[in-house]
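In: No sequence on hand, only this structure:
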């Protein structure tokens, strides 16, 4: 059975909600490292090259652009050890038709850009944002601007920080000082870990377990209400 079908069956049998991960990384290799770390935790990812820097010139490109592929629900992907790769520059997560594709995988992993509106809050989908923060002032300002926007949107996304440990510490301190405490609780740093990507994967796997439990409880409760329970 192909890996993408197996992932979809696992989710449906466990009644897991769809998951979308946005990796705001300076290096394209970081997105691939995160996909590899998730694979070691048992997840099969669709790695979406929304910046056009991962698979440019590779076999994932096609005579049909990603809009045509999505309309047909037939993606021209590249098989990778950790899942599939898809060349889709400019794709945003709220694109119609993407939710049906997400059913085939354990997660959608976007190679996202801080300089573009790659992230939007999506209803009924569990979301995680991973921000790589360098020691430079520009990197911290960009990261804080996104976090401030998320705070104002009252986002429920989980947020992970990695990169320069001191910069991540300063960013967390700024969040604690200026942003709402309830939002700050969702921001965690793995910058001090020996393997930040492995630590992120472990944390997301743990969050998935808790999220699935809440999802099942909520679904069961709704069914009880419908049946007068």
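Out: Done, it's in. Predicted, not measured: the structure shown is a model, and the values here were computed from it.
In: Let me know the pLDDT of the nearest residue to residue 36 once chain neighbours are set aside.
Out: Spatial nearest neighbour of residue 36, excluding adjacent residues (Cβ to Cβ, 6 or more residues apart in numbering): residue 82 at 5.0 Å. (Each C-beta comes from the backbone N, C-alpha and C, glycine too.) In this prediction, residue 82 carries a pLDDT score of 89.
In: Residue 157 now?
Out: The model's pLDDT for residue 157 equals 86.
In: how close does it get to residue 86?
Out: According to Cβ to Cβ, to the nearest Å, residue 157 stands 22 Å off from residue 86.
In: Show me which of those two is the more surrounded one.
Out: residue 86 (23 against 19; other Cβ atoms under 10 Å).
In: you'd agree that one is up against residue 48?
Out: Yes - taking Cβ atoms under 8 Å as the definition, residue 86 is a contact partner of residue 48 at 5.3 Å.
In: What strand or helix carries residue 131?
Out: Here residue 131 sits within strand 126-133, counting by DSSP states H and E.
In: Direction included, what does that strand pair against?
Out: Sheet pairing for strand 126-133, assigned by DSSP bridges, gives strand 19-24 (parallel), strand 158-163 (parallel).
In: Turn the ones you listed into TSV, including mean neighbour count.
Out: Listed next are those as TSV, based on neighbours: other Cβ atoms under 10 Å:
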stretch	mean neighbour count
strand 19-24	25
strand 158-163	23
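In: Tell me which of those sits nearest to residue 78.
Out: strand 19-24 (17.5 Å; Cβ to Cβ).
In: ok now that closest one, how far from the chain's centre?
Out: 2 Å (Cα atoms, centre = their mean, to the nearest Å).
In: Stretch 48-56 now?
Out: 15 Å.
In: what distance separates the start and the end of it?
Out: Start-to-end span of stretch 48-56 (Cα to Cα, to the nearest Å) is 12 Å.
In: Now do it, average pLDDT.
Out: Computed over stretch 48-56, the average pLDDT equals 90.
In: Ok, stretch 94-108 next?
Out: In the prediction, stretch 94-108 has an average pLDDT of 90.
In: and the end-to-end length of it?
Out: 12 Å.
In: Just the buried residues of that stretch, please?
Out: 98-99, 101-102, 104-108 (16 or more other Cβ atoms under 10 Å).
In: Against residue 146, how distant is the residue nearest to residue 36?
Out: 26 Å.
In: just residue 67 next, same as before
Out: 26 Å.
In: quick one: which of these two has more around it?
Out: residue 146 (19 against 13).
In: any idea which helix or strand carries that one?
Out: helix 137-152.
In: Check which helices and strands that helix is in contact with.
Out: Other elements packing on helix 137-152 under the criterion 3 or more Cβ pairs under 8 Å, 6 or more residues apart in numbering; DSSP states H and E are strand 126-133, strand 158-163, helix 165-178.
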